[in-house]
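Asker: What follows is a predicted structure for the sequence shown.
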Amino acid sequence: MLVIDALLQGILIGLLFALVALGLTIIFGVMDIVNFAHGEFLMLGMYAVYWTNYFLNIDPLLALPVSAALGVLLGLASYYWLIRYLLRGPAIAQLFGTFGLMLFLQYLAMFLFSADYRMIDKGVLVGKSYSIGPFIFDGTKLAAGFLSLISFAVVYYFLYKTKTGKALQATAINKEAATYMGIKTDKMNALAWAIGGGTVGIAGGLLVNFYYAYPMVGILFVMIAFACVALGGFGSIKGVFFAGLLVGIIMMIFPVFGQIIGSDFLGPHFKFTIVYLAYFIIVVVRPQGLFGWKN
Amino acid sequence: MAFLEVKNIVKDFGGLVANNNVSFEIEKGEIVGLIGPNGAGKTTLFNCIVGYYRPNSGKILFKGKDITGFKSFQTSREGIGRTFQIMKVTTGLTVLENVMVGAFSRTEKRDVARAEAMEIIESLGLTDIKEYHINELPIARQRKVGLARALATKPELLMLDEVASGLNHTETDEMVGLLKRLNTEKGITIFLIEHIMEMVMSVSGRVIVLDSGIKIAEGPPDMIVKNPDVIKAYLGEKYAKSH
Amino acid sequence: MEKLKDALDFSDFSKTERVCFYIFTVFLLVFPWLGVGSFVKTVMIQFMLFSLFGMGWNTIGGYGGQVELGKAQYVGIGAYTVALMMVWWKVPFWISMPIGVLIALGYSFIIGYPLFRLKGHYFAIATICTSLVLKDIFDNWNLVGAAKGIELPIHEHPDFLYMQFKSDTYYYYFIMGLFYIAIFYMNWFRKSKLGYQLRMIKDDEDAAESLGIDIRWCKIKAYSIASAFVAVGGGFMAVYNLYIDPASVMELSLSIKIALMAMLGGAASLWGPIIGAAFLVPLDRFLGSWLGGHKGLTGIDFMIYAMLIMIVSAYQPKGIWGIIEQFRKRGR
């Protein structure tokens, strides 16, 4: 029973992970750039909803457009003000560049909001839980899982069914060929960053309903997202969805196993360690991921 | 026992067969050309021999030793040097340092590596550009640097991938002279992929023709140019029939 | 013998560089006697420590061109070995420090073997992962003090065996010794076979392999050298600070600082990491102490840091040294 419960909780949180990782994988697919600052976009999305809720008394779920808009803006600003310049340099500079952005946003948040842990305490679903059969779910987590799924589906529809989305996919598969077809790479890159920022902004807005916002929260989730992206295969949209679910389940189930066999190493303190280890093992053993198409 | 024996090499990339059952032999001291139309699988075959790719099946023997599945650094240590069709335009090492790295494969000492590198650089006429970076050089010079650093590893078999592409007429002639000199003076066996027919014919003692991954002909240059299969492969069905 | 000659031979540098280096050496030697305050002396010690870290990173990160962001775990290994052996068995620093280096070497081979199957982004993220795993373990491992860390016993009298001194001057000269050993080692390294091979790998991996270089093995060797370097620094940190915890010796930000200093100064050059440290350590310290007094300003120092990283990556990936070289080329 414990295991099934953990499984269900894992799926809920996994849906959110998939949404966090979605933007990372799109950006990677289109531009071959790893955005270290992705977790900080998430963090700022969390703060956006937190402060909207705090000052304007708007329900956190209704404040989601604020975090989405902030995410899009952040994505575009990063692309036009930093990433475009990094593209001219070597790969090492690109990694360091987004790393710099990550640090900057972290400490900007520290400066603006202090290091305090903040969590939303008012909202329709906050503190409520629902029982479905023998299982009890937090209202906020149910909403997060459900809305993540919807957001993911919307982006998926956009990428595969609209003309612009298909152009973006074409750029990801073969930049040169896409250029010949008249697709403007620069525009597509910007679009990738806008979608990436927007989706992770929404994810942040959902996350803050049941998780503390603090300046350093991003690194944790960006590592999880990296694990998802690697597992799904760098650049794969479908892959990242299932990988998100899998990582969510792994994270919830291992502590339960630990409890059952009484092992400290599988305890809750180490649930992130397991994610890091998973990343390491995945990329070493199967670098193309479970569903990857890029080498 | 031949110097290089290639037996029944098959290499496919997820269903796309690049080399299908290719076999041939090269004797010590020969200059052998490998020609074929675009996409015939020439570079793939090269890469299988030097160990950049691992063939799906088949065997490669060098000086009687089975080197199938060796990595490229291992085949290099066995005595196979290679150049690349597209040379990476780098900004890090200078020309001299590039050649020194090649020489370092046979020595631990910097002075020795430096002296050997200088010797090769002088013999190839690159002395004036030894402090330049590869990105600062015209393409003919870049190719020579690629050749120089491969030579510095003291190969017994030198495999050249389109060493004359992008060169003008005089430069090509110069390259032909250089290859012949290396072959006669240093006794280096040369195996080269070439697109420019003229060049292959003037330098090679024997030519192997590849088309769609299959070896379609092999023989001395003057025979090869008359071979109907080769003409068909190069110029198309229509031209072959009208002859 | 020949290696020693190479290490001490700076003749391939320009005259200006050599003169600067000699003046700098004299300056460092007399520095403690210039009547500076203890704070400034601490800054100098930190500067040399971070130069040591940066020079180590430079082997794999600079010459080898690998984005290595997990050096802190080896600082941690060095520091914890010294601290734990001292607390548990009263082992003197001079024995525990080399053991720490050996452990770091061994560990780096074990980690390096799978790690260097990876390239590019995969590699960079994986280095962070390995570092975070070790930090998580130390954060929760009660035997080694968990997140609380460990304090080293303070000796009543100065003790050379345990590297405990009342005055910072001793530490100053000790780290200065290490600093110069590192410079000489790196001066040899850049001219060694491995140094050349690594630079070739950075330029063009395929070509490097075609020249008989076992790329993975070369990278592992460089990675281990780098790890040994930072483990020495870690050991020093333990006896100098007399207190270590995972947050101070294993944090990701430490790994970043190490790589950043070398990058900022100029990766793959002998002076790069030193210039980077000379620039960033004082900046870090002075900003820290200045802003420490103003409670509302926490984080500004790191924001300035981050801005620097972004500017350098976007405009001058070759670092300060790259700028100097560029000017020189123009002058020619």
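Answerer: Cool, the structure landed.
Asker: the strands in chain B, which residues?
Answerer: Taking DSSP state E as the test, the strands found in chain B are B:4-13, B:16-26, B:31-35, B:57-62, B:65-66, B:80-82, B:157-161, B:189-193, B:206-211, B:214-219.
Asker: For the second one, list the C-alpha coordinates in CSV.
Answerer: The reference is to strand B:16-26. Extracted as CSV, the C-alpha positions of strand B:16-26 are listed here (Å, rounded to 0.1, in the frame of the first residue of the first chain):
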residue,chain,number,x,y,z
LEU,B,16,22.3,2.3,-44.7
VAL,B,17,25.1,0.0,-46.0
ALA,B,18,28.2,2.2,-46.5
ASN,B,19,30.6,-0.7,-47.2
ASN,B,20,29.5,-4.0,-48.4
ASN,B,21,31.9,-6.9,-48.3
VAL,B,22,34.9,-4.9,-49.4
SER,B,23,38.2,-6.8,-49.7
PHE,B,24,41.6,-5.8,-51.1
GLU,B,25,45.3,-6.0,-50.3
ILE,B,26,48.1,-3.5,-50.3
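Asker: I'd like to know which of the strands of chain B lies nearest to chain C.
Answerer: Proximity to chain C (CB to the nearest CB) singles out strand B:80-82 among the strands of chain B, at 5.1 Å. Glycine gets a C-beta too; all of them are placed from N, C-alpha and C.
Asker: Is any residue of that closest one near chain C?
Answerer: Yes. Residues of strand B:80-82 are located near chain C by CB under 8 Å from any CB of the partner chain, namely B:81, B:82.
Asker: Need the three-state assignment for residue C:157.
Answerer: For residue C:157, the assignment made with DSSP: H, G, I helix; E, B strand; the rest coil gives coil.
Asker: hmm, back to that, out of the strands of chain B, which comes closest to chain A?
Answerer: Among the strands of chain B, strand B:4-13 sits nearest to chain A (CB to the nearest CB), with 11.6 Å.
Asker: any chance of the strands of chain B in CSV, plus distance to chain A?
Answerer: Converted to CSV, the strands of chain B look like this (distance: least, CB to the nearest CB, whole Å):
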stretch, distance to chain A
strand B:4-13, 12
strand B:16-26, 15
strand B:31-35, 27
strand B:57-62, 23
strand B:65-66, 28
strand B:80-82, 22
strand B:157-161, 21
strand B:189-193, 24
strand B:206-211, 26
strand B:214-219, 27
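Asker: Put together TSV for the ones you listed, with mean neighbour count and mean pLDDT on each row.
Answerer: Listed next are the strands of chain B as TSV, based on neighbours: other CB atoms under 10 Å in any protein chain shown; pLDDT from 0 to 100:
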stretch	mean neighbour count	mean pLDDT
strand B:4-13	18	92
strand B:16-26	18	91
strand B:31-35	25	93
strand B:57-62	18	94
strand B:65-66	10	94
strand B:80-82	28	95
strand B:157-161	24	94
strand B:189-193	24	94
strand B:206-211	22	92
strand B:214-219	17	92
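Asker: Identify whichever of those strands lies nearest to residue C:324.
Answerer: Closest to residue C:324 of the strands of chain B is strand B:80-82 (CB to CB; 37.4 Å).
Asker: Quick check: residue A:91 touching residue C:120?
Answerer: Yes. With contacts counted by CB atoms under 8 Å, residue A:91 reaches residue C:120, the gap being 6.1 Å.
Asker: Give me the common contacts of these two.
Answerer: residue C:67 (CB atoms under 8 Å, 6 or more residues apart in numbering or on different chains).
Asker: Pull the number of nearby residues for the residue in chain C that chain B sits nearest to.
Answerer: Residue of chain C nearest chain B, by CB to the nearest CB: residue C:212 (3.6 Å). Residue C:212 has 24 neighbouring residues, counting by other CB atoms under 10 Å in any protein chain shown.
Asker: What's the separation between it and residue B:153?
Answerer: 6 Å (CB to CB, to the nearest Å).
Asker: and for the two, which residues touch both?
Answerer: Joint contacts of residue C:212 and residue B:153 (CB under 8 Å, 6+ apart) are B:76, B:105.
Asker: My guess is residue C:96 contacts residue C:80. True?
Answerer: No. Using CB under 8 Å, residue C:96 makes no contact with residue C:80, being 10.1 Å away.
Asker: residues touching the residue nearest to residue B:8 when sequence neighbours are not counted, list them.
Answerer: Take residue B:8 and drop its neighbours on the chain: the residue closest to it by CB to CB, 6 or more residues apart in numbering or on different chains is residue B:58, 4.3 Å away. The contact partners of residue B:58, by CB under 8 Å, 6+ apart, come to B:6, B:7, B:8, B:9, B:10, B:21, B:22, B:23, B:48, B:68.
Asker: again, 6 Å this time
Answerer: B:7, B:8, B:9, B:10 (CB atoms under 6 Å, 6 or more residues apart in numbering or on different chains).
Asker: of all those residues, which comes closest to residue A:38?
Answerer: Among the contacts of residue B:58, residue B:10 lies closest to residue A:38 (CB to CB), at 43.6 Å.
Asker: Bridging across strands, which residues link to that closest one?
Answerer: residue B:57 (DSSP bridges).
Asker: Which per-residue confidence value corresponds to residue 31?
Answerer: You didn't pick a chain, so chain A it is. With respect to pLDDT, residue A:31 scores 85.
Asker: try again with chain C
Answerer: 91.
Asker: For the host helix or strand of residue C:42, what is the distance to the chain centroid?
Answerer: Taking DSSP states H and E as the criterion, the element that holds residue C:42 is helix C:38-57. Centroid separation between helix C:38-57 and its chain, computed with CA atoms, centre = their mean, to the nearest Å, is 9 Å.
Asker: Just the buried residues of it, please?
Answerer: Within helix C:38-57, the residues scored as buried using 16 or more other CB atoms under 10 Å in any protein chain shown are C:41, C:43-57.
Asker: With stretch C:168-179 instead?
Answerer: Neighbour-count burial for stretch C:168-179, with 16+ other CB under 10 Å as criterion, is recorded at C:168, C:171, C:172, C:174, C:175, C:176, C:178, C:179.
Asker: now do stretch C:7-22
Answerer: For stretch C:7-22, by 16+ other CB under 10 Å, it's residue C:7.
Asker: Report the rounded mean pLDDT for that stretch.
Answerer: Rounded mean pLDDT across stretch C:7-22 is 89.
Asker: so residue A:144 sits right up against residue A:208, yeah?
Answerer: No. Residue A:144 is not in contact with residue A:208 according to CB atoms under 6 Å; the separation is 9.7 Å.
Asker: Switch the contacts of residue B:58 over to JSON lines; also include distance to residue B:37.
Answerer: Formatted as JSON lines, the contacts of residue B:58 follow (distance: CB to CB, whole Å):
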{"residue": "B:7", "distance to residue B:37": "24"}
{"residue": "B:8", "distance to residue B:37": "22"}
{"residue": "B:9", "distance to residue B:37": "19"}
{"residue": "B:10", "distance to residue B:37": "20"}
